[in-house]
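Colleague: Take this sequence and fold it.
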Amino acid sequence: MILWRCHSIHSLLFYVIRARYGGMGYSLKIIGFAVAAAGLYCLSVSAVFADKGELLDPLFETLKTVEPEYADQVADEINRILDDSGSASSNLLLMRGREAIEAGSFHAAVEHFSAVTEHAPDFAEGWHMLAVANHKIGKTGLALSDIQRALALEPRHFKAIVSLGMLFTAQGQYEKAIGVFEEAQSIHPNIRGVKDYIAKLRVIAGITDI
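Modeller: Numbers count the residues shown, from 1 in each chain. Next up is the predicted model:
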């Protein structure tokens with residue numbers, strides 16, 4: 001797990017440096033030194049970053065300011081970290097649950113994600129996906145509770161926030177949904193599709209700018 005994180009950090013660092021300094025005549029040698037430093041950092045990452053939050057904090061800060069063309073790179077790295085429960089068995093259950101959702105086997109997905117939350121109760125993505133599955137089988141109350149649990153564990157989980165907005169939309173609570181989607185935008189300003197979705201909801205809700 002550490003190996004792919006280090007590979008991703010190297011790639012992400014290259015893109016961020018190029019985005020920020022590429023037009024200023026900085027040499028590739030500077031980028032090379034930075035990437036080498038990242039390599040030394042990765043040698044001790046398992047010891048230094050035992051807390052997932054310490055990995056995520058700088059990435060979320062970068063996500064707010066990074067150029068739009070590099071936002072997906074940062075978001076993907078955040079999602080990779082959020083998708084790792086720290087347990088091979090829980091990660092496998094998460095994968096099986098997602099496969100079940102793709103196959104339309106929503107009750108099976110609920111079983112898989114319920115097992116994830118039992119084995120890894122502090123794993124935000126497990127609760128998020130359980131919410132998605134419960135919503136698919138019409139258990140809206142449980143879905144809302146699951147998403148709230150996910151966001152209590154990781155308030156910046158923009159995918160869970162978007163899912164919460166979708167849940168409010170399905171309930172016809174359009175103003176609540178708009179507020180939630182705007183919260184997702186404050187965390188991930190370049191999140192795909194959300195800006196247009198907010199605009200559509202404002203029309204449906206009859207909200208106009210003064």
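Colleague: burial of the nearest residue to residue 171 once chain neighbours are set aside, as a residue count?
Modeller: Nearest residue to residue 171, sequence neighbours excluded (CB to CB, 6 or more residues apart in numbering): residue 140, at 6.9 Å. Where C-beta positions appear, they are placed from N, C-alpha and C, glycine not excepted. Neighbouring residues of residue 140 were enumerated by other CB atoms under 10 Å; the total is 14.
Colleague: ditto for residue 129
Modeller: Applying other CB under 10 Å, we find 28 other residues in the vicinity of residue 129.
Colleague: now do the one 3 residues further on
Modeller: Here the neighbour count serves as a burial measure; for residue 132 (other CB under 10 Å) it reads 24.
Colleague: Please tell me how far it sits from residue 97.
Modeller: Counting by CB to CB, to the nearest Å, the separation of residue 132 from residue 97 is 9 Å.
Colleague: so what's in contact with these two at the same time?
Modeller: Residues touching both residue 132 and residue 97 (CB atoms under 8 Å, 6 or more residues apart in numbering): residue 109.
Colleague: Just the CA trace of the one helix or strand residue 60 maps to, in CSV.
Modeller: For residue 60, the host element (DSSP states H and E) is helix 52-65. Included here for helix 52-65 are C-alpha records, laid out as CSV according to Å, rounded to 0.1, in the frame of the first residue of the first chain:
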residue,chain,number,x,y,z
LYS,A,52,-4.5,9.1,7.7
GLY,A,53,-5.4,12.8,8.4
GLU,A,54,-1.7,13.8,8.2
LEU,A,55,-1.6,12.4,4.6
LEU,A,56,-4.9,14.1,3.7
ASP,A,57,-4.4,17.6,5.2
PRO,A,58,-1.9,18.9,2.7
LEU,A,59,-3.8,17.3,-0.2
PHE,A,60,-7.0,19.0,0.8
GLU,A,61,-5.2,22.3,1.1
THR,A,62,-3.7,21.8,-2.4
LEU,A,63,-7.2,20.8,-3.8
LYS,A,64,-8.5,24.3,-2.9
THR,A,65,-5.9,26.2,-4.9
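Colleague: That one: which residues count as buried?
Modeller: Residues of helix 52-65 classed as buried: 52, 55, 56, 59, 60, 62, 63 (neighbour count, 16 or more other CB atoms under 10 Å).
Colleague: tell me which of those is nearest to residue 127?
Modeller: Top of the list for closeness to residue 127, among those and by CB to CB, is residue 52 at 14.6 Å.
Colleague: show me what contacts that closest one?
Modeller: Taking CB under 8 Å, 6+ apart, we find residue 52 in contact with 81, 84, 86.
Colleague: List the contacts of the one residue sitting closest to the centre of the chain.
Modeller: Closest to where the C-alpha atoms of the chain average out (CA atoms, centre = their mean) is residue 79, at 4.3 Å. By CB under 8 Å, 6+ apart, the contact set of residue 79 is residue 159.
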